[in-house]
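> curious how this folds, go ahead:
(2 chains)
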Amino acid sequence: METKLLTQHVGDPQQHTMERAIEHGAYQAWQKVLKEIAPADLIQIVKDSGLRGRGGAGFPTGLKWSFVPKDSLKSKYLCCNADESEPGTCKDRVLLEGDPHAVVEGMMIASYAIGCHTAFFYIRGEYDIGQVRMSKAIADAYAKGFLGKNILGSGYDLDIVVHRGGGAYICGEETALLSSLEGDKGLARLKPPFPAVEGLYRCPTIINNVETLANLPHIVVKGAQWFASLGTEKSKGTRIFSVSGHVKNPGNYELELGYSLRDLVYGLAGGILDDRPLKAIIPGGSSTPVLLPDKIDTKLDFESVAAAGSMLGSGAVIVMHEETCIVWVAEILAHFYMHESCGKCTPCRQGTGWIYEILRRIEAGYGKMEDIDTLLDIADNIEGNTICPLGDAAVVPVISTIKLFRDEYVYHIEHGKCKVHSQFKLRTK
Amino acid sequence: MILSDSAKLQISQTAKRYPKVRSAILPALHIAYEEHGYLSDQIYEEIAQILDLKLIEVAEAASFYTMFPKAKRGKYLIQVCRNISCALLGSHHLTAYLLDKLNVELGEITADGLFTVVEAECLGSCTTAPMMQVNAHYYENLTVEKVDRLIEEFRSQK
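This next block holds a predicted model:
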């Protein structure tokens, strides 16, 4: 069963309007924060709640906020990262389109906590409806006096600026997002300094994911203890999982952390398309290692998925049935990382292209047996040798598919064709 | 001058929202693209003038992203998601079907000037795959029947 905390009202077609959102309790947390809670106490509440980032890395949100230097005279900035583009992931879109006021309110609360007076909402350029609805929600929030100068008589000022990306996966990486927001190419930056100390315009900056921020109003209204009662010991709250691929009922499902992967895939998502046997699952977006069917009873929380040999990542569960050629899957993902590498670090810029070319060669039937070791060698030379995690992510599909399906690579090379035919056709109706 | 007066005004207004003017490059490129459907060196130059930046600063940013093409496209730019969730449900077939139906090569413009088909990386429509983006709009859960109907609609709207 779903636990609808963030998605409780997204099915309401009018939830994106100010009127309906207010009927459903929007901006109560914001008013409470302005009246009753000091920024330092707010940070403590979020720390106590156990909320961890929903973008992929799972870093504790309150702890991240506490890295902003208190004594700095520089401006402080908050960026909402809505550059959702990890293959398989479309959960932030659910909130941006279905409950934008929750995201705006989350941005307000986070801004207040870190002492920010200008926040940026960075949304991937292609998300048209999300951008329109968020812009309207922000405009309506100004009209209601929830944004602007001296908000509701509190003396606190806050502006939110909507910034559309230009189409680049790398800008979801926090330092690349900052480069992009500054008008530069979306190139990642070396850390340290971490953005919390030196980020946008070299000022202290916090970058939080959409879903992370949408949790904040609930934590403020219902309390840290209540939030911490959801989920597992170390993974608190809910997450929105995007289930895609070969399932009967693909969709976004909000689950308490610790929910069983089996119940998600075979229960909520209706089981495997055409009742075929399951072949593999990518549990947390394309940058996370593939799991075999024997891991179907894994619990969906940060620790359990890691123990199973993968990562919870962005919560994108990609399901593949037996007809799927794994070399073909690796080739598709390799093409993606080649296309999206920003080009700053040589191992990633060059290596992602080589990996794609070799996989394409194997897939086309011209592979050589030594290609498998060459792929692993290239992967080894990328991993850990790049500024940002895109390089590490790019090698994951290659390494994990070779590790789990080496026989399929060998078959491909020996026979010059797929062991299974993944020529998936568009449905007629 | 290529950019209209209203686009120029919009760009200089947008720039005021940012602590540093260079941040307005991407919004400016979006405004120019929406007005013209493609970008050019001349447009880069005009944006640079409005924002009082160097041409290279605008050109550099513009060339990095996928949403600011310099080539002209058909009236309807069809972007088919080629990434994993869509591929598992037939996106490669979808691309081939569109190219065949419209009698055009990938990235080219149909003879009537109406369509360009390109492939795109994940557009965040994974649970409603396969999908295509046509200009700004997403069309999801595609089937052969739905694609046929959409193409007819675009043709009749001209």
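
> grab the nearest non-local neighbour of residue A:122.
Leaving aside its sequence neighbours, residue A:122 sits nearest to residue A:163 (C-beta to C-beta, 6 or more residues apart in numbering or on different chains; 5.0 Å). To be clear about C-beta, it is placed using only N, CA and C from the backbone, and glycine gets the same treatment.

> residues in contact with the one you found?
By C-beta atoms under 8 Å, 6 or more residues apart in numbering or on different chains, residue A:163 lies in contact with A:120, A:121, A:122, A:123, A:181, B:23, B:26, B:27.

> which SS class is it?
Look at residue A:163: counting by DSSP: H, G, I helix; E, B strand; the rest coil, its state is strand.

> and the residue nearest the centre of chain A, what does it touch?
Centroid-nearest residue in chain A, with C-alpha atoms, centre = their mean: residue A:55, separated by 3.3 Å. Counting by C-beta under 8 Å, 6+ apart, residue A:55 makes contact with A:81, A:172, A:208, A:209, A:211, A:212, A:314.

> distance to residue A:265 added to these, as TSV?
As requested, those are exported to TSV (distance: C-beta to C-beta, whole Å):
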residue	distance to residue A:265
A:81	28
A:172	26
A:208	29
A:209	24
A:211	21
A:212	25
A:314	17
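
> domains for chain B, by residue range?
Domain ranges of chain B: B:5-64, B:76-157, per automatic domain parsing.

> which residue of chain B sits farthest from its center?
Of all residues in chain B, residue B:19 has its C-alpha farthest from the mean position, at 28.0 Å, by C-alpha atoms, centre = their mean.

> that one against residue A:201, yeah?
Yes: contact criterion C-beta atoms under 8 Å: residue B:19 and residue A:201 qualify, at 5.9 Å.

> residues that sit against both of the two, list them.
Counting by C-beta under 8 Å, 6+ apart, the shared contacts of residue B:19 and residue A:201 are residue A:75.

> thinking again about what came up before, now the two most distant members of the contacts of residue A:163.
The distance between the two most remote of the contacts of residue A:163 (C-beta to C-beta) is 14.7 Å, for A:123 and B:23.

> which residue does chain B have closest to chain A?
residue B:65 (2.9 Å; C-beta to the nearest C-beta).

> tell me the pLDDT of the nearest residue to residue A:142 once chain neighbours are set aside.
Nearest residue to residue A:142 in three dimensions, chain neighbours excluded: residue A:148, at 5.4 Å (C-beta to C-beta, 6+ apart). Residue A:148 is assigned 98 on the pLDDT scale.

> ok, now how distant is residue A:148 from residue A:244?
The gap separating residue A:148 from residue A:244 is 40 Å, by C-beta to C-beta, to the nearest Å.

> settle it for me: which of these two has more neighbours?
Between residue A:148 and residue A:244, residue A:244 has the larger neighbour count (other C-beta atoms under 10 Å in any protein chain shown), namely 28 against 15.

> ok so the residue nearest to the centre of chain A is a helix residue?
No: with three-state DSSP as the criterion, residue A:55 is coil rather than part of a helix.

> now residue A:414: closest residue in space that isn't a chain neighbour?
Of all residues not flanking residue A:414 in the chain, residue A:369 sits nearest, at 8.0 Å (C-beta to C-beta, 6+ apart).

> can you get me a residue count around that neighbour?
Neighbours of residue A:369 using other C-beta under 10 Å come to 10.

> ok, now which ones touch it?
Contacts of residue A:369 (C-beta under 8 Å, 6+ apart): A:410, A:413, A:414.

> could you redo the last one with a cut-off of 10 Å?
With contacts defined as C-beta atoms under 10 Å, 6 or more residues apart in numbering or on different chains, residue A:369 is in contact with A:409, A:410, A:413, A:414.

> next, it: phi, psi?
The phi/psi pair for residue A:369 (degrees, to the nearest 10) reads phi -60, psi -30.

> in contact with the residue nearest to residue A:173 when sequence neighbours are not counted, which residues?
In space, and not counting its chain neighbours, residue A:173 is closest to residue A:388: 4.8 Å by C-beta to C-beta, 6+ apart. Neighbouring residues of residue A:388 by C-beta under 10 Å, 6+ apart: A:170, A:173-176, A:187-191, A:341-342, A:344-345, A:348.

> element containing residue A:21, please.
Per DSSP states H and E: residue A:21 is located in helix A:18-23.

> that older thread, quick check, nearest of the contacts of residue A:163 to residue A:268?
Nearest member of the contacts of residue A:163 to residue A:268, counting by C-beta to C-beta, is residue A:123, at 27.8 Å.

> for the top helix by length along chain B, packing partners?
Assignment by DSSP state H gives helix B:144-157 as the longest helix of chain B. Contacts defined by 3 or more C-beta pairs under 10 Å, 6 or more residues apart in numbering or on different chains; DSSP states H and E place helix B:144-157 against strand B:76-81, helix B:91-102, strand B:115-120, strand B:132-134, strand B:137-139.

> how far off centre is the fourth one?
Strand B:132-134 has its average C-alpha position 9 Å from the chain's average C-alpha position, going by C-alpha atoms, centre = their mean, to the nearest Å.

> can you check stretch A:74-81 too?
Its chain's C-alpha centre and that of stretch A:74-81 lie 19 Å apart, by C-alpha atoms, centre = their mean.

> show me what counts as buried in it.
A:76, A:77, A:78, A:79, A:80, A:81 (16 or more other C-beta atoms under 10 Å in any protein chain shown).

> alpha carbons of stretch B:25-35, in CSV - could you do that?
Presented in CSV, the C-alpha positions along stretch B:25-35 are these (Å, rounded to 0.1, in the frame of the first residue of the first chain):
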residue,chain,number,x,y,z
ILE,B,25,22.1,34.3,-20.7
LEU,B,26,20.0,31.2,-20.5
PRO,B,27,16.7,33.0,-20.1
ALA,B,28,17.7,35.3,-23.0
LEU,B,29,18.4,32.3,-25.2
HIS,B,30,15.0,30.8,-24.3
ILE,B,31,13.3,34.1,-25.2
ALA,B,32,15.2,34.2,-28.5
TYR,B,33,14.5,30.6,-29.3
GLU,B,34,10.8,30.9,-28.6
GLU,B,35,10.6,33.9,-30.9
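
> go through the lengthiest helix in chain A and flag the buried ones.
The longest helix of chain A (DSSP H) is helix A:389-415. The neighbour-count check on helix A:389-415 (16+ other C-beta under 10 Å) flags A:390-402, A:404-405, A:408-409, A:411-413 as buried.

> not counting its neighbours along the chain, what's nearest residue A:218?
Here the residue nearest residue A:218, using C-beta to C-beta, 6+ apart, is residue A:5, at 5.9 Å.

> for the residue positioned nearest the centre of chain B, list the residues it contacts.
Taking C-alpha atoms, centre = their mean as the criterion, residue B:67 is the residue nearest the geometric centre of chain B, at 5.1 Å. Residue B:67 is in contact with A:124-126, A:164-168, B:26, B:29-30, B:33, B:39, counting by C-beta under 10 Å, 6+ apart.

> can you redo the domains of chain B as CSV with mean pLDDT?
Shown next, in CSV, are the domains of chain B (pLDDT from 0 to 100):
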stretch, mean pLDDT
domain B:5-64, 97
domain B:76-157, 97
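
> closest to residue A:332 out of these?
It is, among the domains of chain B and with distance given as C-beta to C-beta, domain B:76-157, at 5.3 Å.

> quick one: residues contacting the spatially closest residue to residue A:393 that is not a sequence neighbour.
Closest residue in space to residue A:393, ignoring its immediate chain neighbours: residue A:287 at 3.4 Å, by C-beta to C-beta, 6+ apart. The neighbours of residue A:287, taking C-beta under 10 Å, 6+ apart as the test, are A:56, A:86-88, A:311, A:313-314, A:316, A:333, A:336-337, A:389-390, A:392-397.
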